[in-house]
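A.B. asks: Following is a predicted model, sequence given first.
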Protein chains: 4
Amino acid sequence: MAPTEIKPEDDILGRARVRDTPELEAYYDDLAKIETGALWTVANDIEPWEPTPKSAPVHWKWSDLRREVLRAIDLVRPEDAGRRVVYLRNPQRKDVSAACGWLFSGIQTMKAGERAGAHRHAASALRFIMEGSGAYTIVDGHKVELGANDFVLTPNGTWHEHGILESGTECIWQDGLDIPLTNCLEANFYEVHPNDYQTTDIPLNDSPLTYGGPALLPQLDKWDKPYSPLLKYSWEPTYEALLNYAKASDGSPYDGLILRYTNPQTGGHPMLTMGASMQMLRPGEHTKAHRHTGNVIYNVAKGQGYSIVGGKRFDWSEHDIFCVPAWTWHEHCNTQERDDACLFSFNDFPVMEKLGFWAEQALEDNGGHQIVAD
Amino acid sequence: MAPTEIKPEDDILGRARVRDTPELEAYYDDLAKIETGALWTVANDIEPWEPTPKSAPVHWKWSDLRREVLRAIDLVRPEDAGRRVVYLRNPQRKDVSAACGWLFSGIQTMKAGERAGAHRHAASALRFIMEGSGAYTIVDGHKVELGANDFVLTPNGTWHEHGILESGTECIWQDGLDIPLTNCLEANFYEVHPNDYQTTDIPLNDSPLTYGGPALLPQLDKWDKPYSPLLKYSWEPTYEALLNYAKASDGSPYDGLILRYTNPQTGGHPMLTMGASMQMLRPGEHTKAHRHTGNVIYNVAKGQGYSIVGGKRFDWSEHDIFCVPAWTWHEHCNTQERDDACLFSFNDFPVMEKLGFWAEQALEDNGGHQIVAD
Amino acid sequence: MAPTEIKPEDDILGRARVRDTPELEAYYDDLAKIETGALWTVANDIEPWEPTPKSAPVHWKWSDLRREVLRAIDLVRPEDAGRRVVYLRNPQRKDVSAACGWLFSGIQTMKAGERAGAHRHAASALRFIMEGSGAYTIVDGHKVELGANDFVLTPNGTWHEHGILESGTECIWQDGLDIPLTNCLEANFYEVHPNDYQTTDIPLNDSPLTYGGPALLPQLDKWDKPYSPLLKYSWEPTYEALLNYAKASDGSPYDGLILRYTNPQTGGHPMLTMGASMQMLRPGEHTKAHRHTGNVIYNVAKGQGYSIVGGKRFDWSEHDIFCVPAWTWHEHCNTQERDDACLFSFNDFPVMEKLGFWAEQALEDNGGHQIVAD
Amino acid sequence: MAPTEIKPEDDILGRARVRDTPELEAYYDDLAKIETGALWTVANDIEPWEPTPKSAPVHWKWSDLRREVLRAIDLVRPEDAGRRVVYLRNPQRKDVSAACGWLFSGIQTMKAGERAGAHRHAASALRFIMEGSGAYTIVDGHKVELGANDFVLTPNGTWHEHGILESGTECIWQDGLDIPLTNCLEANFYEVHPNDYQTTDIPLNDSPLTYGGPALLPQLDKWDKPYSPLLKYSWEPTYEALLNYAKASDGSPYDGLILRYTNPQTGGHPMLTMGASMQMLRPGEHTKAHRHTGNVIYNVAKGQGYSIVGGKRFDWSEHDIFCVPAWTWHEHCNTQERDDACLFSFNDFPVMEKLGFWAEQALEDNGGHQIVAD
């Protein structure tokens, strides 16, 4: 187990560079007997110069995802599957069923008249709606209707269930959850609703009707949860806000015009562990590359273009999904000449920020652009 | 100076009820010589059972205010007056030029092409626009255009100036400031801008364009001031938010549907010392009476009705102004059968909240309604 | 009422400099009829270039205060006086019974076996113990014993009462309250305890025993009040902390070594409206002058020296009291060659900080020292 | 990969209970081709009813640890090893070199005159001193001397180095770090100090001298880091605080008298990812069992007794170390008849709290006590 090789960059004062000897090997054996080890045998591994993400950059084509998830409609029922979800399985993260880092994501579909039972868990969840009409979610009794490109919360510990009205159509949305993180931190709990489904007399859409105004809150607000009282962020005002923002700002060199969804009570992230943003790339805009801690999963809300992630080029169009693992260079390009492109994304930035782990770096070489690997 | 009379309610254990004697009077004289006094001679006065507000409830008719402020256009120039403002002078607060409590308010008018110079002060200011077109305000280089029923900030310490475009019309707005509070706390500072007027290359309306979206903020926001980055809250989305809120809530028994303007970065009040709200009274709605610490100045944004404040009935219509002093019973009534009525108001609630002075009480008697004094 | 004189420094663009005319005087009369006025007639007064404090710097000699307060023991009983207090009456603030700014202060005395009834009020109170033994305070059932130079809280809204054990001696302490502020903000409420005195089975001194450790708190702390759970700050560890601090720091050029009493739960001020500090002046130390918003009342905890406040020299010794009004230059000097001097002080800085009113300036002239007025 | 078995407790509405079919198996193959999977094949695994910790409860005997770590003095030099540390290797967490959960811990030793070079990393570190004299740590230029049972911080991102004075003795301390967490979240960075060792002219022990007073802070404090300015918490005042606390409280039924080390600026945890406590068990005290999310590593500061962790009894004496993994029942017993026992511990509670993952449960059965497995 002791390192027989010391990498040249580690053969300096301040790194572990102890060469094995027979005495040391005997010592290591003795340490193992008392459930210990010698730090210097693992120090360089556990104290890397910088992070090396385990996750691979992956591009999931919407045409593939859509085809496969619709097949599931005839293969399983929500009553048996719990949720009819095809999940995005990062090839380097199969062991934890994660799409990227410690984030889970899946594509869920339901057909008209279906209803999936209520449950709750310590993990937080979000949805980004991709197609269909008549979908709704009920979160702790608050029922919200869902439309295309809406962003929806089902925060940690809330009873939640989804359904499609009889008058609706097949609906598809993307789920994002911090299940792998919750498991990794050994904090996940799960409960099935005692009545299988929630009953409620709270007015339909009360959350967005109450909290969806710009910079306005009820004067005496009783909401005292650690997550946003606004459970749905509709596409139309979000897109309009981006168009407005474009008149006032050049945005970020790395992300174009990017707005963060917030908890209107605090200005912070909508949930404790996950943030989300919608960004606009102007016609022809090609951003510079940067990298940062934290993981991001993108869903193309509008338009066409490509992103270069860790040296790989992903050519995307509407509702394609791709991920950017931690500390991986990335840049985006809208290849359209006349139209803007919009990317929805969600991330684990709240975790990075709260624990003091946020770090960011701009690419200096090559005019700030990556060289694409073939 | 010693109390010769003790009120019956104070003649109990726990209140000061010392009767004067010749020895005590001699003692009081000696105390005065060393800049002291006997607490029990003033204790009941300075520790009242409950607050007795100094300010009177006042109703300022818009027809009066409008007529008089427009006269000022020909009487004074902004260059001489600083600001062409008719201020609301509470008859009980003439000594501090306050409209209510420690709040100042005035009606300002400017005509097309006029421009009032830039200054700054430790006091915070807000505007509520009543009529005209072409008005603008520049706050620390951020220029915003103003329209009817918009709510606008010029926070403490910011350089600010107002003007009307040549293409505009005579404009009138209400100013609200905490000048009396700032003076009372001996913290006011004043500076004239070194160049008289600000120059700026920040895009027009950049503040509302950037921060005016619902529950959205720039992902990496550089604003680090203790007041809102959103400097203008437009009427249209505010009214729409009230209409939405009405679909989801019955609102408050005392205020109907009432939304508070917030700093979108924090969910708190837009400025450190003053809050503001817009409330909707549904057709025929008559709220119940309550009272609370803190002062409120109302401007009728829409509709007709009346309010009963401290037993006085104020019949109001559009742009009338009235005030509710601290700890004074008040209730509102929309007398229209078909239309909603909207009241803009600003207040000193942030002061009450931060210093632990917030208190509130519902009127229990008479079905929760005051008896109107003739 | 209109200004007939315009000061030279106000006769510039950006200030009000409207000369009276017969038409304007007629206009002012009309404005008065509708409870209004012209801002430019008061603007320069209510928007001063900088604060001019109303309070005078005052020095109260301990020998005077002690003599007079002890006389009161034979003149009034706590049962009649409520509290046997000689209050410090700033000659410029007699109207509000304040010692300085909006702060009240008094000297209270009780004799062995006396007990003053429990009451509560919206105002916050603090004590600084000057002499005697056997004193105690009960705050919402938490009883704390008081010793010389201890600093003690009775926060806003708490039931509190004071007494002296039969085995004790005559005790004297300084009270500090924000009563004038609470009244000025029209937020004071007062209640006599329904049973006149509190009964309690909470262990004696539980508050300092629980919260008095350095940087330690109960792991699961149930205290959820907006003020400190530590109700007494003892002199001995405070003095020791100053001695330690002196080994590590030169302190402040204006205050020497100055430590602020904190709420250990938050690191903030112990109460919502008042802060307090203990500072040490090393032998011979003479600080530089500065001024700031906010008012301070000092009590000499130890030693001899002088302070220059607003150009007046106050030669002080133990338990003398003096005040520094807002925006008034002040500097301190320990005239002892071998011993340190310690000043206890309390202030209204929390109000200034929370409302954005804090401002501070160093004296540049004359080597940073004031010229003493004769 | 698809589950062939469904556990009885999962065979209900609300859990995944899809039986494999040939069509489904073909579907799963197709999903795998596009880097996806069917959620229902893993749902019950990744959404457990409650956490199942990976870490084992482990007891490390001080006699073993001390013997082995002292052997290392002759086997490796700090210049080669970086740090001379025997780390605690949980048998279930060898892959991540963790002692418990995502916490690392090790036993470090240095001899008189040795000095280990300065480095910094995104991981946070703490020390608990066990024996020897003359040890010191330098954190961003702040040098602190270390004594037995002191608790010391080297927060994330700070340059830090350790050494022993020539006049000192062999020293041994326990290190605690969040290295596994930092790695798991892919946020670790490492740097060797450019000069190998720090130079400093900051006064010795300035941090505890400045910030170590009870509920006292410098009046104008310039410290603006997200971790405590107090870098050392000495044993003597901590033990005294526990003795005081014992006079005022019965403490916690699960932990006895337990005080949390705090950041005196905020009252929060001293560092962003790790908390620490010192607890006292009174003579003969046997606490009740509870469990909670988050991991704890204990070091016996004083006395003898045992803890039952996950049904295993660990009989401990001074400086023994043991761990309590997440969601594992635990209870403590001081077996001494006359003396108190003290347990130092550190934990990852800040992570649990900030991310909303804190959960706690009392053992109801068997009078609140576990049954010890043989």
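C.D. replies: Cool, got the structure.
A.B. asks: tell me the contacts of A:Trp358?
C.D. replies: Each residue near A:Trp358 by C-beta atoms under 8 Å, 6 or more residues apart in numbering or on different chains is listed here: A:His292, A:Thr293, A:Gly294, A:Phe349, A:Met352. Quick note: C-beta positions are derived from backbone N, CA and C, even for glycine.
A.B. asks: measure it to A:Pro350 for me?
C.D. replies: Taking C-beta to C-beta, to the nearest Å as the measure, A:Trp358 and A:Pro350 are separated by 10 Å.
A.B. asks: What segments of the stretch 51-200 of chain A are strands?
C.D. replies: With DSSP state E, counting those that start in this stretch as the criterion, the stretch 51-200 of chain A has strands at A:59-60, A:85-88, A:104-110, A:115-121, A:125-131, A:135-139, A:142-146, A:151-154, A:160-164, A:171-177, A:190-192.
A.B. asks: what sits up against the host helix or strand of A:Tyr306?
C.D. replies: Taking DSSP states H and E as the criterion, A:Tyr306 maps to strand A:305-309. Strand A:305-309 is contacted from outside by A:57, A:281, A:289, A:298, A:313-316, A:322-324, A:328-336, A:341, A:369-370, A:372, using C-beta under 8 Å, 6+ apart.
A.B. asks: before we move on, the earlier item: export the strands of the stretch 51-200 of chain A to CSV and append columns for mean pLDDT, mean neighbour count and distance to chain B.
C.D. replies: Formatted as CSV, the strands of the stretch 51-200 of chain A follow (pLDDT from 0 to 100; neighbours: other C-beta atoms under 10 Å in any protein chain shown; distance: least, C-beta to the nearest C-beta, whole Å):
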stretch, mean pLDDT, mean neighbour count, distance to chain B
strand A:59-60, 98, 22, 23
strand A:85-88, 98, 28, 23
strand A:104-110, 98, 26, 20
strand A:115-121, 95, 21, 21
strand A:125-131, 98, 23, 14
strand A:135-139, 98, 24, 14
strand A:142-146, 97, 21, 10
strand A:151-154, 98, 27, 10
strand A:160-164, 96, 23, 19
strand A:171-177, 98, 24, 17
strand A:190-192, 97, 17, 28
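A.B. asks: Can you add distance to B:Gly113 and give those back as CSV?
C.D. replies: Converted to CSV, the strands of the stretch 51-200 of chain A look like this (distance: least, C-beta to C-beta, whole Å):
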stretch, distance to B:Gly113
strand A:59-60, 58
strand A:85-88, 61
strand A:104-110, 58
strand A:115-121, 63
strand A:125-131, 50
strand A:135-139, 54
strand A:142-146, 50
strand A:151-154, 46
strand A:160-164, 58
strand A:171-177, 54
strand A:190-192, 68
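A.B. asks: closest to B:Val192 out of those?
C.D. replies: B:Val192 lies closest to strand A:151-154 among the strands of the stretch 51-200 of chain A, at 47.5 Å (C-beta to C-beta).
A.B. asks: strands paired with that closest one, and their directions?
C.D. replies: Partners of strand A:151-154 in the sheet, by DSSP bridges, are strand A:125-131 (antiparallel), strand A:232-233 (antiparallel).
A.B. asks: and it, C-alpha only, in PDB?
C.D. replies: Extracted C-alpha coordinates of strand A:151-154, given in PDB (Å, rounded to 0.1, in the frame of the first residue of the first chain):
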ATOM      1  CA  PHE A 151     -38.500  26.000 -13.100                       C
ATOM      2  CA  VAL A 152     -40.100  24.300 -10.100                       C
ATOM      3  CA  LEU A 153     -39.000  23.400  -6.600                       C
ATOM      4  CA  THR A 154     -39.800  20.500  -4.300                       C
END
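A.B. asks: And for that strand, what's in contact with it?
C.D. replies: Contact partners of strand A:151-154, identified using C-beta under 8 Å, 6+ apart, comprise A:124-129, A:137, A:139, A:144, A:146, A:160, A:173, A:227-228, A:230-233, A:238, A:261, A:270-271, A:276, A:278, A:344.
A.B. asks: Distance from it to the middle of the chain?
C.D. replies: Mean-position distance between strand A:151-154 and its chain equals 12 Å (C-alpha atoms, centre = their mean, to the nearest Å).
A.B. asks: So which elements touch the helix or strand bottoming out on mean pLDDT in chain A?
C.D. replies: Comparing helices and strands within chain A by mean pLDDT, DSSP states H and E singles out helix A:78-81 as the least confident, with a mean of 92. Applying 3 or more C-beta pairs under 8 Å, 6 or more residues apart in numbering or on different chains; DSSP states H and E, one finds that helix A:78-81 contacts strand A:115-121.
A.B. asks: Pull the residues that contact the strand it packs on.
C.D. replies: Applying C-beta under 8 Å, 6+ apart, the contact partners of strand A:115-121 are A:78-79, A:82-84, A:110, A:138, A:156-164, A:179, A:182, A:188-193, A:195-198, D:13-14, D:47.
A.B. asks: Once you drop chain neighbours, what's closest to A:Ala116?
C.D. replies: Sequence neighbours aside, A:Pro78 is the residue nearest to A:Ala116 in space, at 4.1 Å (criterion: C-beta to C-beta, 6 or more residues apart in numbering or on different chains).
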